[in-house]
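K.L.:
Have a look; sequence and predicted model below, questions after that.
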Amino acid sequence: MKAMVINEFGSAHCFQEHSLEEPSLLPGQVKIHVKASSVNPIDIKIRSGLVPALTPDFPAILHGDVAGTIVEVSPDVKRFKKGDEVFALGGGVKGHGGALAEYMVIDERLAARKPEGLSMEEAAALPVVSLTAWEALMERGNIKKGDKILIHGAAGGVGHIAVQLAKKQGAHVTTTVSDKHKADIALKLGADEVVYYKEEKVKDYVERVTGGKGFHLVFDTVGKETLDHSFQAAAAKGTVISTNTRSTHDLSLLHGKGLTLHVVFLLLPLISDEGREKMGENLSKIAGLVEQDRVKPMLHQSVYGFSEVKEAHQLLEKGKHIGKISLLNDLK
């Protein structure tokens, strides 16, 4: 099969097309004819060498998000059959080949049936961001009707799904944005309030939106200074959930307010084998919400081919995109 691989860490230019043997099935696995994938920040970090412990062996096939059609199943697989259309966070990390290839084998527990009505590129945009938002808000945060929550970055990959999930639960959602275009997107997604974080200080929007009490829950996917702002914005005994904590912080405010801090690291089930069934189950729930038109992925205006993965990575690194960057398999 053909695949886009990296043979060393580096810039987006290190992607090369290679011809490799098709992966063989192990017990409990399905083989997918890959139709689409998408780019996530973790893909950039793996390619760049920032997390070498997570990198597949060279030549490495990256990207975990996948959508495609099952072409073969192991004899012990019961949930799927040949011809099923599925989507998953299936690999692209140590011990698991990624989606930038004609074929990908994954643990059946990680997969779910593709939501009806979505294209392959739309479905491939969902797994990482929707599973992250689900774990953060539905499982760790246990949000409920009437909760006042703050989501940093509504126009981002995880953020735009988080806003929709929070509104589904009946929460009052405030989100931070950098400009009016992103504010319009946030409001269209259902946000109740928007904050222009470059113009309004934390204490000012906490006063404006919550009467100075703070938010029940703050969801941060940015990290660094934004995590500090999250501690400031949270109410006493509130909850802060982050996906980006690779930095040093003063935790005295966390202590002073009696806050709870959760860290979401979505790839743990791929690394440890624990929790894979839950990932597939959560994807099935998300697919149901998509089919009910309660959650919808937002795609960047340009869809790239696998052969253009370099350009897709460069776009994500520039941070000028809106929505998820999807890729269609054009390897022949």
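P.N.:
Arrived safely.
K.L.:
use CA for all of it now, contacts and neighbours both
P.N.:
Fine.
K.L.:
those strands in the stretch 201-332 of the chain, which residues are they?
P.N.:
Listed in chain order, the strands of the stretch 201-332 of the chain (DSSP state E, counting those that start in this stretch) span 215-220, 234-242, 260-263, 304-305, 326-328.
K.L.:
Present those as CSV; the columns should include mean neighbour count, mean pLDDT and distance to G170.
P.N.:
Listed next are the strands of the stretch 201-332 of the chain as CSV, based on neighbours: other C-alpha atoms under 10 Å; pLDDT from 0 to 100; distance: least, C-alpha to C-alpha, whole Å:
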stretch, mean neighbour count, mean pLDDT, distance to G170
strand 215-220, 26, 98, 14
strand 234-242, 23, 97, 18
strand 260-263, 16, 96, 22
strand 304-305, 20, 97, 36
strand 326-328, 26, 97, 30
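K.L.:
Show me the helices in the stretch 101-250 of the chain, by range?
P.N.:
For the stretch 101-250 of the chain, helices defined by DSSP state H, counting those that start in this stretch occupy the ranges 120-124, 127-133, 157-168, 180-189, 202-210, 225-233.
K.L.:
Quick one: residues in contact with the first one.
P.N.:
Put plainly, it is helix 120-124. 35-38, 65-68, 87-88, 114-115, 297-299, 326-328 (C-alpha atoms under 8 Å, 6 or more residues apart in numbering).
K.L.:
mean confidence score for that helix?
P.N.:
Mean pLDDT, helix 120-124: 97.
K.L.:
do the same with the second one
P.N.:
Across helix 127-133, pLDDT averages out at 97.
K.L.:
So which elements touch it?
P.N.:
Under the contact definition 3 or more C-alpha pairs under 8 Å, 6 or more residues apart in numbering; DSSP states H and E, helix 127-133 sits against strand 65-73, strand 85-89, helix 157-168, helix 276-291.
K.L.:
just the longest one next, same as before
P.N.:
Packed against helix 157-168 by the contact rule (3+ C-alpha pairs under 8 Å, 6+ apart) you find helix 127-133, strand 148-152, strand 172-177, helix 180-189.
K.L.:
got the buried residues for it?
P.N.:
G157, V158, G159, H160, I161, A162, V163, Q164, L165, A166, K167 (16 or more other C-alpha atoms under 10 Å).
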